[in-house]
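> Sequence and computational prediction follow.
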Amino acid sequence: MIINYNIDITINYKNMRFCPICSGKTLRHIRHNQIYWYCPHCHQEVPDLRDITPLKTKVGIN
């Protein structure tokens, strides 16, 4: 008896992080109860740019 299984593999792109400097894959680390991302290629901690709130500016017309 032969059984064929169809396996659907989906990649969760939300969890894939890339370095904003070199575009290499980053590694998630935990230190002092905070999560940060580390790029092994750049040897730098990199921020999660999705978590950064954009600055808001007010423009006045005189």
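Okay, I see it. Numbering: from 1, shown residues only.
> Give the bridge partners for residue 34, please.
residue 31 (DSSP bridges).
> Please identify the buried residues of stretch 32-49?
Going by neighbour count (16 or more other CB atoms under 10 Å), the buried part of stretch 32-49 is 37, 38, 39, 46. Where C-beta positions appear, they are placed from N, C-alpha and C, glycine not excepted.
> Spatially nearest residue to residue 24 (excluding sequence neighbours)?
Distances taken as CB to CB, 6 or more residues apart in numbering put residue 41 closest to residue 24, at 4.0 Å, once the chain neighbours are dropped.
> just to revisit the earlier point, just give me the closest of the buried residues of stretch 32-49 to residue 23.
residue 39 (9.5 Å; CB to CB).
> Can you report how many residues lie near the closest residue to the closest one other than its chain neighbours?
Closest residue to residue 39 apart from its sequence neighbours, by CB to CB, 6+ apart: residue 19 at 4.0 Å. Counted by other CB atoms under 10 Å, the residues lying close to residue 19 total 17.
> ok, back up a step: so what does the residue nearest to residue 24 have for phi and psi?
phi -80, psi -50 (degrees, to the nearest 10).
> How about residue 36?
The phi/psi pair for residue 36 (degrees, to the nearest 10) reads phi -140, psi 170.
> Just confirm it contacts residue 44, I think it does.
No - in this structure, residue 36 is not within contact of residue 44 by CB atoms under 8 Å, at 10.6 Å.
> check contacts around residue 27.
By CB atoms under 8 Å, 6 or more residues apart in numbering, residue 27 lies in contact with 37, 38, 39, 40.
> Residue 23 is in contact with the residue nearest to residue 24, correct?
No - here residue 41 lies out of contact with residue 23, judged by CB under 8 Å, at a distance of 9.1 Å.
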